[in-house]
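> Whatever this is, show me its structure:
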Amino acid sequence: MWRMGDWSMSVNARVRLIEQCIEMGVTSFDHADIYGDSTVEALFGEALATNVTLKKQLQIITKCGIKLPTHTGGIRSLKHYNLSDQYIKKSVDNSLQKLGVEKIDLLLIHRPSPLMDFDEMAATFQDIRASGKVLHFGVSNFTQTQFAALNRRFPLSTNQVEFSPLNLNAMNDGLFESLQDLNIAPMIWSALGGGSIFSNHTAHIQRIHQAFTQAALSMGLSPAGAVYAWIMRLPCKPVVLTGSGRIQAIAEAVSASNVQMDALQWFELLEIIRGHEVA
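Residues are numbered from 1 along each chain as shown. Have a look, this model is predicted:
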């Protein structure tokens, strides 16, 4: 939902988008306190207030921990991370108020900080869970080591990371295998490389584009759907975020979840992505 502030949707259009998602079986909605210059949670909350029956049909995910710069009295503050007990608890209360809900289903720490104290964060999560304000906790953009350190102190539900045919880091650095070992499914952001797979005209990315277009034809999917299917083929069971307000784009991801890509086709695409065969 991070672009909702850019979609220029009326409240009724936002309500209809949520309803259509639920009709397709998409019931989890991903937010962050800073999305849309801190406006998106309130926009979503306005839609939920318009149709109060929606609250019981969906799961709310939101993130906190990034402090955006502000300008007050001619003084500009610095963008930074704040993962202190007080700040996380205040962020939860603010998100609940903006969204107009009684609980958050999944709270994620948006980005790791060099100053994060794993013991303090675990204690904070325990307090918030005991209050009933948040049901489950996870992280976003954490390394394998960072995730393991916090998970030893408090059970985490996911790690939301960037992954696409243009960014294979999470597959290559052991992160996905470590999550699979824990039976924890990662959430994936920027699965289409920020749209670059279909808009960048460099020779290599054009070859990737063409390869997924061909794969899509053989699978009865859209090219974007083929990318999603390639990602979902991983045994760590990634959950892909679309980041789109177009119901058709969301439907493409749903269609991909119902198809399992053949292993040989998966490796053919990997070879084109990497530009060389496996060792």
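> Tell me which helix or strand the closest residue to residue 100 other than its chain neighbours sits in.
The shortest distance from residue 100 to any non-neighbouring residue, by Cβ to Cβ, 6 or more residues apart in numbering, is to residue 45 (4.0 Å). Using the backbone N, CA and C atoms, a C-beta is placed for each residue, glycine as well. Under the criterion DSSP states H and E, the helix or strand holding residue 45 is helix 40-50.
> Using the neighbour-count criterion, name the buried positions in that helix.
40-41, 43-45, 47-48 (16 or more other Cβ atoms under 10 Å).
> Dump those residues to CSV, plus distance to residue 176.
Below are these laid out as CSV (distance: Cβ to Cβ, whole Å):
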residue, distance to residue 176
40, 28
41, 29
43, 33
44, 30
45, 34
47, 34
48, 33
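> Name the nearest of those relative to residue 18.
Of all the buried residues of helix 40-50, residue 18 sits closest to residue 47, with 5.9 Å by Cβ to Cβ.
> ok now do that closest one, which residues does it touch?
Counting by Cβ atoms under 8 Å, 6 or more residues apart in numbering, residue 47 touches 11, 14-15, 18, 54.
> what about the nearest residue to it once chain neighbours are set aside, how many neighbours?
Nearest non-adjacent residue to residue 47, counting by Cβ to Cβ, 6+ apart: residue 14, 3.9 Å away. Neighbour count for residue 14, taken as other Cβ atoms under 10 Å: 21.
> How about residue 279?
Other residues lying near residue 279 total 3 when counted by other Cβ under 10 Å.
> just use 87 as the starting number from now, easier for me
In the new count, where the first residue is 87, that last one comes out as residue 365.
> Can you tell me how far it is from residue 357?
12 Å (Cβ to Cβ, to the nearest Å).
> show me where this structure has helices.
Using DSSP state H, the helices of the chain run over 97-109, 121-124, 126-136, 171-185, 204-217, 230-237, 255-258, 261-267, 282-285, 289-305, 309-318, 333-343, 349-360.
> Residues in contact with the longest one: which ones?
The list of residues contacting helix 289-305 from outside it, by Cβ under 8 Å, 6+ apart, reads 251-252, 282-284, 286, 307-309, 311-313, 315-316, 345, 347, 351, 354-355, 358-359, 361.
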